[in-house]
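Trainee: Please find the sequence and the predicted model below.
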Amino acid sequence: MNVLGIETSCDETSAAVVTNGMTVRSCVIASSRDAFTRSGGVIPEQAAREQIRSIEPVIDHALEQAEADWQEIDAIAVTRGPGLLGSLLVGSVTARLLAALRKKPLIGVHHTLGHLSSTWLDAADQPQFPLLTLSASGGHTELWLRTALLHGELIGQTRDDAAGEAFDKGASMLSLPYPGGPSISRAGEAGDPEAFPFPHPLSGEDTLDFSYSGLKTALKYTLRDLPTDVLPHRIADLAASFEHAICTHLCDRVTRALHLHATVKEVHVTGGVSANRRLRMMLGSICGGRPVRFPVQLLYCTDNAAMIAAAGTALLQEYGNRACGPFMVAASLPSSTVFTFSKMPERSP
């Protein structure tokens, strides 16, 4: 089964062709991220305008790279939310038009389900269930206990800010460029991760939830109290300490979850934050010998259409025509699916 995936939830415009939900034949991404370096974040209207210009050539390039024509494409999968409304409209309207013109099934995919599917892309073998997935990006930070690709329980989520957002806001306070995760990681390479004792959020609570607003506040006050002539010489230590605090909080939740759910066979880490090298090193030592899977390529950590195609394939294989529809609302799917637990928009664009 060959599925064309389309992803336009934020500032990326991506298209991909994936076979049987695992083999990536092409994955093309056009990003307007560089345009938002000065603003320190994405400007929704500008992102949507760039996507309008990019989406047709990106889809054409994905088909060309996959050496596939429309006769080989069995279905189209597109991100249906959450995300920036204008950006989602660009992708969903394009997908609906192509599905109508080419007479292909159309599957709307929840963005989080896409990330949860990213560890299947180009994987050497099938993951073993039950498994624990930490999904952390700029828009969400969640822990999932899963018994199948499409079946799982949301056991922990952020109460305020996401881990990726904390990286972005922290980088802004440190006058580092957007996006914040890579910038803080680079700036902290030569720094001491224990130079500044940032707090451990929710350390006294018996919960699997996350919270990052307090860490951002702690960084703000630390910067306020540092002498202006000292600050430029402490950026590396500040970046390393802030990054370490973010990753420690993530690892602490994973440790708690594994203690509560001892039958877990694997740990998966997805989303943009899964590309962080410090997090990868820290997680490798806390999972009790269980395999820890990250997306095979760093490209699959960030927003991309291959993960949307993989999720769409799974939905189509398990639910057939019930996973498809002109409005991309899988309302008739069983309550045990991943959709029940994810935060979904009330209406698809």
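Mentor: Sure thing, it's come through. Since we're looking at a predicted model, the values are computed, not measured.
Trainee: Would you mark the buried spots in the host helix or strand of V254?
Mentor: V254 belongs to helix 235-260 when assigned by DSSP states H and E. Buried residues in helix 235-260, defined by neighbour count with 16 or more other Cβ atoms under 10 Å: 235-254, 256-258. The way it works is simple: take the backbone N, C-alpha and C, and place the C-beta from them, glycine included.
Trainee: got a list of what G284 touches?
Mentor: V292 (Cβ atoms under 8 Å, 6 or more residues apart in numbering).
Trainee: So which elements touch the helix or strand hosting H61?
Mentor: Using DSSP H and E, H61 sits within helix 44-65. With contacts defined as 3 or more Cβ pairs under 8 Å, 6 or more residues apart in numbering; DSSP states H and E, the packing partners of helix 44-65 are strand 2-7, strand 12-19, strand 23-31, helix 85-102.
Trainee: Off-centre distance for the longest one?
Mentor: What that stands for is helix 85-102. 21 Å (Cα atoms, centre = their mean, to the nearest Å).
Trainee: what is the orientation angle of it with strand 12-19?
Mentor: 40 degrees (axes from the mean of the first three to the mean of the last three Cα atoms, to 10 degrees).
Trainee: Tell me which residues of helix 85-102 come out buried.
Mentor: Buried-residue list, helix 85-102, by 16+ other Cβ under 10 Å: G86, S87, L88, L89, V90, G91, S92, T94, A95, R96, L98, A99.
Trainee: and which of the residues you listed is nearest to L299?
Mentor: Nearest to L299 out of these is G91 (Cβ to Cβ; 18.3 Å).
Trainee: Tell me how far H151 lies from L131.
Mentor: 11 Å (Cβ to Cβ, to the nearest Å).
Trainee: where do the strands sit along the stretch 101-250 of the chain?
Mentor: Using DSSP state E, counting those that start in this stretch, the strands of the stretch 101-250 of the chain run over 106-110, 131-136, 141-148, 151-157.
Trainee: And the residue nearest the centre of the protein?
Mentor: Geometric centre of the chain, nearest residue: G271, 2.9 Å, by Cα atoms, centre = their mean.
Trainee: Run through the helices of the stretch 201-349 of the chain in chain order.
Mentor: Per DSSP state H, counting those that start in this stretch, the stretch 201-349 of the chain carries helices over the ranges 213-225, 235-260, 277-283, 305-319.
Trainee: With only the CA atoms kept, save the third one in PDB.
Mentor: Same thing as helix 277-283. The C-alpha atoms that make up helix 277-283 are tabulated as PDB, following Å, rounded to 0.1, in the frame of the first residue of the first chain:
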ATOM      1  CA  ARG A 277      21.500  14.600  22.200                       C
ATOM      2  CA  ARG A 278      21.500  15.200  26.000                       C
ATOM      3  CA  LEU A 279      18.000  13.600  26.300                       C
ATOM      4  CA  ARG A 280      19.100  10.600  24.200                       C
ATOM      5  CA  MET A 281      22.100  10.000  26.400                       C
ATOM      6  CA  MET A 282      20.100  10.400  29.600                       C
ATOM      7  CA  LEU A 283      17.300   8.100  28.500                       C
END
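Trainee: now the strands of the stretch 101-250 of the chain in a markdown table, with distance to L202?
Mentor: Putting the strands of the stretch 101-250 of the chain into a markdown table (distance: least, Cβ to Cβ, whole Å) gives the following:
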| stretch | distance to L202 |
| --- | --- |
| strand 106-110 | 26 |
| strand 131-136 | 15 |
| strand 141-148 | 12 |
| strand 151-157 | 10 |
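Trainee: For P291, find the nearest of those.
Mentor: With Cβ to Cβ, the closest approach to P291 among these belongs to strand 131-136: 9.0 Å.
Trainee: Show me which positions of that closest one end up buried.
Mentor: Per 16+ other Cβ under 10 Å, strand 131-136 contains these buried residues: L131, L132, T133, L134, S135, A136.
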